[in-house]
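**Q** Okay, here's the prediction I keep looking at, along with the sequence it came from:
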Amino acid sequence: MGNRQKDTELTAALAKNTLDEIPRAKANASKIVGLVKHSGRIDGYQLSNGSTVSKEEGVRMAKNGEIKGVGVAHRGETEYLKSIPDDSENNNLGSLPSVSG
C-alpha cells in the first residue's frame, strides 16, 4: 500500500471520528442534493425526493435511516449532518448548491 493511500485512509478515519453517529441508511433513503441557507448558515436540506426539511428534521431523518451518505455530529448542544468521508469531494455537503427553502 502506497503512502498516498495510507494518508487518504488515515484522513477518512480521523474525519469519521468527528461523527457522533453513522446511521445505517434504508434502501429507499434519500440523498441531500442542496443546502438551504440563510445569512450563510445552513438551515435545512433539499432531498433527492424533492422535499426540503429543516436541519433538525434532517438529523431526525438521518438517525431513522431516511437519509444516506451522512453522519450526525454536534457543536455545543446543536446536532447537524456531515458527509461520511470517502474519496470523493463532489458529494461533500459543502460542495452542494444552495437552494431556497
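**A** In hand now; what should we look at? Numbers count the residues shown, from 1 in each chain.
**Q** which residues of the protein fall in strands?
**A** Along the chain, counting by DSSP state E, strands occupy 32-38, 41-47, 52-54, 70-75, 78-83, 98-99.
**Q** residues making contact with the fourth one?
**A** Under the contact criterion CB atoms under 8 Å, 6 or more residues apart in numbering, strand 70-75 has outside partners 16, 18-23, 32, 59, 62-63, 79-84, 93. From N, CA and C alone the C-beta is placed, and that goes for glycine too.
**Q** Next, work out how far apart Ser30 and Thr18 are.
**A** For Ser30, the distance to Thr18 equals 23 Å [CB to CB, to the nearest Å].
**Q** Comparing these two, which residue is more hemmed in?
**A** Ser30 (22 against 11; other CB atoms under 10 Å).
**Q** Who does the more buried one form a beta bridge with?
**A** Ile67 (DSSP bridges).
**Q** again with Glu21
**A** The partner residues for Glu21, given DSSP bridges, come to Val72.
**Q** Look at it and say how many residues are nearby.
**A** 13.
**Q** wait, what's in contact with it?
**A** By CB under 8 Å, 6+ apart, the neighbours of Glu21 are 63, 71-72.
**Q** So how do I select the buried members of those in ChimeraX?
**A** Only the buried members of these enter the following ChimeraX selection, criterion being 16 or more other CB atoms under 10 Å:
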select :71,72
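**Q** so which of the contacts of Glu21 comes closest to Glu89?
**A** For the contacts of Glu21, the closest approach to Glu89 (CB to CB) belongs to Gly71, at 16.7 Å.
**Q** hmm, back to that, lowest average pLDDT across the strands of the chain?
**A** Among those, strand 98-99 has the lowest mean pLDDT, at a mean of 88.
**Q** Contacts for that one, please.
**A** 34-37, 46, 52.
**Q** Now which of these would you call buried?
**A** 34-36, 46, 52.
**Q** ok, so of the residues you listed, who is nearest Pro97?
**A** Of the buried ones among the contacts of strand 98-99, the one sitting nearest to Pro97 (CB to CB) turns out to be Gly34, at 5.2 Å.
**Q** Run through the residues that contact the closest one.
**A** 45-46, 96-99.
**Q** which residues does it bridge with?
**A** Gln46.
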